[in-house]
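Chemist: sharing a model prediction with you, sequence too.
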Amino acid sequence: MGNNDFDVVVVGSGVIGHSIAFRLKRDAPRLKVAVLGDPVNSLQASRAAAGMLAPFCECDKADRFFEFCRESLNKFPAFLEELISVSKVPVHFSSAGALMFASAYRETWKARQTFFADADVPHEIWNAATVRRRAPYLSQGCGEVMWVEEGRVNNRQMHDALMRASRKLGVHVLEANVSGFIRKNSTIASAVTDSGNINGARVVLASGSWSSQLARVLEISVPLKPIKGQMCRVQLDAHFTDYTLHGGATYIAPRREENGFVIGSTMEDRGFDPSVEDEVIDRMIDAAAEILPCLTTARLVESWAGLRPAAADLMPIMGKSRRYDNLFYSSGHYRNGILMTPNQADYMADIIQGTRDDEIAEFSPSRYDL
Ligand SMILES: Cc1cc2nc3c(=O)[nH]c(=O)nc-3n(C[C@H](O)[C@H](O)[C@H](O)COP(=O)(O)OP(=O)(O)OC[C@H]3O[C@@H](n4cnc5c(N)ncnc54)[C@H](O)[C@@H]3O)c2cc1C
């Protein structure tokens, strides 16, 4: 095999692409695996997220998506333990859980409680007196509160750890923009990059919001587009809560490491627009301060925008291509790509290695004839 020849070429160096490479190399150390990532677009989702691991706050019915997300949440402690042990990069994880507010969920509040009870989701209802005792920093207007057992991870540390761990296991990580592919009949022979052609026996498209642009080069139309989210991080003098706070459209995710709070987020269908608007950020902080009044005095540390890869049916696209014999997809993880990372890596590594052929129908590329 030449220097540019690989068993598996993963296009995309976010959490999705790197976790697949990491899992493949861990399972089969002899595989030659490359991860290609465009350095310009690399900050758009995996490092832009809030790091909430929130299958319960995000889902309201026990469908296959919910099950997949829940399995992934359960895999997180072991996944991070392994990642940290290989990479030696610290990754902060919290299992303190999340608080949801009746005032934000209004008419769906009772339905949520029924769903959580039916699905055996660990949760507690806190009345006003309990809220004052356990979370006195919350606004009086929050009303009844529900605690749910969820998680949170520092996604930037997790991405750092994945990059380091992949390299340590021998994955070739190349900062390279893929501009095209060389095809031979019904296979993809090479990815064309600004640093030369990279040849792969198997190719994985894990390029987040850019997956549809790259697929177009292969004459495949993937119904996927970016949904922009503007976010910010503020800082207070003390760290006093580890709960993620879900106020409907507004959420607050504590970052214990920096006495910080990540506040999010907008949902904007505006193409590949990376702009951050000061007035939008100000409005988001004001909305968050209605939940957590002390945020009115917080210092703004940074603000940014990210792009969530959203398929038309808002489900991930994961599995084998029908159109090319050696092409695989893992994209469209939309609002929950950080949460889905461990389960997605296991699922995709099995499909790529041919040890699993029963694709989950709801996620299969074949639903769009890809
Ligand atoms: C504001 C915001 C908040 C979020 N909050 C959460 C959250 O709290 N919890 C959660 O679970 N999820 C959250 N998400 C979703 C999550 O971040 C994404 O689903 C996930 O990061 C997608 O990862 P990815 O690796 O597929 O995509 P990306 O991180 O976008 O990576 C795509 C990769 O493709 C590469 N690429 C693109 N084009 C090319 C090319 N031509 N050549 C080579 N490489 C290319 C890029 O360089 C990049 O490395 C959030 C997303 C946003 C935007």
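Modeler: Yep, it's here.

Chemist: ends of stretch 172-182, what's the gap?
Modeler: Start-to-end span of stretch 172-182 (CA to CA, to the nearest Å) is 20 Å.

Chemist: longest helix in this structure, by residue count?
Modeler: helix 64-87 (DSSP state H).

Chemist: and that helix, what's buried?
Modeler: The neighbour-count check on helix 64-87 (16 or more other CB atoms under 10 Å) flags 65-66, 68-70, 72-73, 76, 79-80, 82-84, 86-87 as buried. No exception for glycine: its C-beta is placed from N, CA and C like everyone else's.

Chemist: neighbouring contacts of the helix or strand that it is followed by?
Modeler: Later in the chain than helix 64-87, the nearest helix or strand by DSSP states H and E is strand 93-94. By CB atoms under 8 Å, 6 or more residues apart in numbering, the residues outside strand 93-94 that reach it are 76-77, 80, 151-154, 242, 254, 256.

Chemist: pull up the pairing partners for strand 93-94, direction included.
Modeler: Take DSSP bridges as the rule and strand 93-94 pairs in its sheet with strand 151-153 (antiparallel).

Chemist: quick check: mean pLDDT of the partner strand?
Modeler: The average pLDDT within strand 151-153 is 97.

Chemist: what's the answer for stretch 107-119, then?
Modeler: Mean predicted lDDT for stretch 107-119 stands at 92.

Chemist: give me the contact list for that stretch.
Modeler: With CB under 8 Å, 6+ apart as the criterion, stretch 107-119 contacts 56, 60-62, 66, 100, 102, 105, 121, 123, 125, 144, 146, 148.

Chemist: which parts of that stretch are buried?
Modeler: 109, 112-113, 115-116, 119.

Chemist: next: stretch 125-141.
Modeler: 126, 131, 135, 138-139.

Chemist: one more: stretch 145-156?
Modeler: Those buried within stretch 145-156 under the rule 16+ other CB under 10 Å are 145-148, 150-156.

Chemist: Asp5 and Asn199 touch, don't they?
Modeler: Yes. Checked against CB atoms under 8 Å, the pair Asp5 and Asn199 is within contact range at 4.8 Å.

Chemist: quick check: closest non-adjacent residue to the residue in the stretch 1-150 of the chain positioned nearest to the ligand.
Modeler: When scored by CB to the nearest ligand atom, the stretch 1-150 of the chain has Gly14 as its residue closest to the ligand, at 2.1 Å. Closest residue to Gly14 apart from its sequence neighbours, by CB to CB, 6 or more residues apart in numbering: Ser46 at 3.7 Å.

Chemist: next one: Phe68
Modeler: Leaving aside its sequence neighbours, Phe68 sits nearest to Asn343 (CB to CB, 6+ apart; 5.9 Å).

Chemist: check contacts around that neighbour.
Modeler: If you count contacts by CB under 8 Å, 6+ apart, then Asn343 has 68-69, 71-72, 75 around it.

Chemist: tabulate these (a markdown table), appending distance to the ligand and pLDDT.
Modeler: Formatted as a markdown table, those follow (distance: CB to the nearest ligand atom, whole Å; pLDDT from 0 to 100):
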| residue | distance to the ligand | pLDDT |
| --- | --- | --- |
| Phe68 | 12 | 98 |
| Cys69 | 8 | 97 |
| Glu71 | 14 | 98 |
| Ser72 | 9 | 98 |
| Lys75 | 13 | 98 |
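
Chemist: so who does the nearest residue to Tyr251 once chain neighbours are set aside touch?
Modeler: Excluding the flanking residues, the one nearest Tyr251 by CB to CB, 6+ apart is Gly264, at 5.6 Å. Taking CB under 8 Å, 6+ apart as the contact definition, Gly264 lies against 50, 229-231, 250-251, 253, 284.

Chemist: show me where the stretch 101-250 of the chain has its strands.
Modeler: 123-126, 145-148, 151-153, 172-175, 178-184, 187-193, 196-205, 224-235, 244-247, 250-255 (DSSP state E, counting those that start in this stretch).

Chemist: any chance of TSV for these, columns distance to the ligand?
Modeler: As requested, the strands of the stretch 101-250 of the chain are arranged in TSV below (distance: least, CB to the nearest ligand atom, whole Å):
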stretch	distance to the ligand
strand 123-126	19
strand 145-148	15
strand 151-153	8
strand 172-175	9
strand 178-184	4
strand 187-193	7
strand 196-205	9
strand 224-235	3
strand 244-247	9
strand 250-255	7
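
Chemist: contacts only, for Glu258.
Modeler: Here Glu258 is in contact with 233, 235, 301 (CB under 8 Å, 6+ apart).

Chemist: now His18
Modeler: Taking CB under 8 Å, 6+ apart, one finds 10, 35, 159, 162-163, 166, 171 in contact with His18.

Chemist: just the ones of those residues in helices?
Modeler: 159, 162-163, 166.

Chemist: of the residues you listed, select the buried ones using a PyMOL command.
Modeler: In PyMOL syntax, the buried subset of the ones in helices among the contacts of His18 is picked out as below (16+ other CB under 10 Å):
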select buried, resi 159+162+163+166
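
Chemist: closest to Phe363 among the ones in helices among the contacts of His18?
Modeler: Checking these against Phe363 with CB to CB, the nearest one is Leu162 at 21.4 Å.

Chemist: for Val9, give its distance to Leu327.
Modeler: For Val9, the distance to Leu327 equals 10 Å [CB to CB, to the nearest Å].

Chemist: now do Ala34
Modeler: Distance from Ala34 to Leu327, by CB to CB: 15 Å.

Chemist: before we move on, what about Lys228?
Modeler: From Lys228 to Leu327 the distance is 28 Å (CB to CB).
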